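Engineer: structure for this input, please:
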Amino acid sequence: MSPEQQLLHQRVKLWLFEQLLRDGIVPYTPVSRGDGVDAAVRCEDGTYRDLIVCPSHDEHFPLAFRAAGFEPRPRLLVACVAWAVEPVQVWVFPSQDFARYGVAGNDVVTLDLESPAPEGGGKLKQTLSRYRNAWRLVTENAVRAFLP
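Structural biologist: A predicted model of the protein is given here:
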């Protein structure tokens, strides 16, 4: 990842954290960057949801997102932030769906929402529209440290 991409990733991550904090949810960030998880959200039942934050891959492809070196698993969400569109779009995917609809190659999974849907009849963003602004996947049953 280039220095510019690292800065963009940090900026988008902080923006996403701000959105969660406004809802009273405190995201926990890992001490080391070993497994690629950007944050965890504690749930009321004592479990955690892990988050990977992906900014738009490129300003010319604002609805294309890349996640490097992750294995889909339960309780892992991929929060895709389309920073280059106005207003900013957030797509929250369970990791299994991100991997299912994305294209894997060179230890990176790329999900381009502008690509044709595998079932035909439109673009992938229409097929996966249920994940646009799907904050509920992150916030449902999350522990709120304070009431907004």
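Engineer: now the helices for this structure?
Structural biologist: Read by DSSP state H, the chain holds these helices, from start to end of the chain: 3-22, 95-101, 124-127, 136-139.
Engineer: M1 contacts L7, doesn't it?
Structural biologist: No: applying CB atoms under 8 Å as the test, M1 and L7 come out as separate, 9.8 Å apart. All C-beta spots, glycine's among them, are computed from the backbone N, C-alpha and C.
Engineer: quick check: which of the helices of the chain is buried the most?
Structural biologist: Compared across the helices of the chain, helix 95-101 shows the largest average neighbour count, a mean of 18 (mean count of other CB atoms under 10 Å).
Engineer: still on that earlier bit, so can I have TSV of the helices of the chain showing distance to A67 and mean pLDDT?
Structural biologist: What follows is the helices of the chain, written out as TSV (distance: least, CB to CB, whole Å; pLDDT from 0 to 100):
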stretch	distance to A67	mean pLDDT
helix 3-22	11	91
helix 95-101	7	95
helix 124-127	15	93
helix 136-139	16	96
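Engineer: dump those into CSV; add distance to V31 as well.
Structural biologist: Formatted as CSV, the entries for the helices of the chain read as follows, by distance: least, CB to CB, whole Å:
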stretch, distance to V31
helix 3-22, 15
helix 95-101, 22
helix 124-127, 35
helix 136-139, 21
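Engineer: and of those, who's closest to L147?
Structural biologist: When the helices of the chain are ranked by proximity to L147, the top entry is helix 3-22, at 11.4 Å, counting by CB to CB.
Engineer: can I get that closest one in PDB? Just the C-alpha atoms.
Structural biologist: This file holds the C-alpha atoms of helix 3-22, laid out as PDB (Å, rounded to 0.1, in the frame of the first residue of the first chain):
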ATOM      1  CA  PRO A   3       1.800   6.200   1.600                       C
ATOM      2  CA  GLU A   4      -1.200   8.000  -0.100                       C
ATOM      3  CA  GLN A   5      -3.300   4.900   0.200                       C
ATOM      4  CA  GLN A   6      -2.300   4.400   3.800                       C
ATOM      5  CA  LEU A   7      -3.400   8.000   4.600                       C
ATOM      6  CA  LEU A   8      -6.700   7.600   2.800                       C
ATOM      7  CA  HIS A   9      -7.300   4.300   4.700                       C
ATOM      8  CA  GLN A  10      -6.600   6.100   8.000                       C
ATOM      9  CA  ARG A  11      -8.800   9.000   7.100                       C
ATOM     10  CA  VAL A  12     -11.700   6.700   6.100                       C
ATOM     11  CA  LYS A  13     -11.300   4.600   9.200                       C
ATOM     12  CA  LEU A  14     -11.500   7.700  11.400                       C
ATOM     13  CA  TRP A  15     -14.600   8.900   9.600                       C
ATOM     14  CA  LEU A  16     -16.300   5.500  10.100                       C
ATOM     15  CA  PHE A  17     -15.300   5.500  13.800                       C
ATOM     16  CA  GLU A  18     -16.800   9.000  14.100                       C
ATOM     17  CA  GLN A  19     -20.100   7.700  12.700                       C
ATOM     18  CA  LEU A  20     -20.100   4.900  15.200                       C
ATOM     19  CA  LEU A  21     -19.300   7.200  18.100                       C
ATOM     20  CA  ARG A  22     -22.200   9.500  17.200                       C
END
